[in-house]
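Enquirer: coordinates only, sequence not included:
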């Protein structure tokens, strides 16, 4: 039996509070990691790009995990599995653009 909106409100509030606390913990851990890694960041442009890419890859994994947790909690609260979603497409890897004399003259 599905709970009414009024009955489900406290559960939603608890879930949202749990998600908020989890996000705070992840953010704090990211901040601490960032502070600790400041001296380890390479000085060259390519190294900095790699570090930024790795940070966003990590953030994507965290968001995916948060989505899976929220979906699982909703499945439990609603008593029914969520409709299957098509898997999200990964963004295409960017390759540096090579400039030519013709392109820079235009």
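Expert: Right, received. Where do you want to start? From a predicted model like this one, the values you see are computed outputs, not experimental measurements.

Enquirer: please, which helix or strand holds residue 81?
Expert: Remark: residue 81 resides in no helix or strand, with elements defined by DSSP states H and E.

Enquirer: ditto for residue 68
Expert: Here residue 68 sits within helix 45-78, counting by DSSP H and E.

Enquirer: who are the packing partners of that helix?
Expert: With contacts taken as 3 or more CB pairs under 8 Å, 6 or more residues apart in numbering; DSSP states H and E, helix 45-78 sits against helix 5-37. Backbone N, C-alpha and C define where each C-beta goes, glycine included.

Enquirer: what residues of the helix it packs on count as buried?
Expert: Buried positions in helix 5-37, judged by neighbour count with 16 or more other CB atoms under 10 Å: 15, 26.

Enquirer: how far off helix 45-78 does that helix point, in degrees?
Expert: Per axes from the mean of the first three to the mean of the last three CA atoms, to 10 degrees, the angle that helix 5-37 makes with helix 45-78 is 160 degrees.

Enquirer: which other helices and strands does helix 5-37 contact?
Expert: If contacts are counted by 3+ CB pairs under 8 Å, 6+ apart, helix 5-37 sits against helix 45-78.

Enquirer: and the helix it packs on, which residues are buried?
Expert: 62, 70, 73, 74.

Enquirer: so how far is residue 5 from the second one?
Expert: Read it as residue 70. Distance of residue 70 to residue 5, computed by CB to CB, to the nearest Å: 18 Å.

Enquirer: on that earlier part again, would you turn the buried residues of helix 45-78 into JSON lines with distance to residue 44 and pLDDT?
Expert: Below are those laid out as JSON lines (distance: CB to CB, whole Å; pLDDT from 0 to 100):
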{"residue": "62", "distance to residue 44": "27", "pLDDT": "90"}
{"residue": "70", "distance to residue 44": "39", "pLDDT": "87"}
{"residue": "73", "distance to residue 44": "44", "pLDDT": "86"}
{"residue": "74", "distance to residue 44": "45", "pLDDT": "85"}
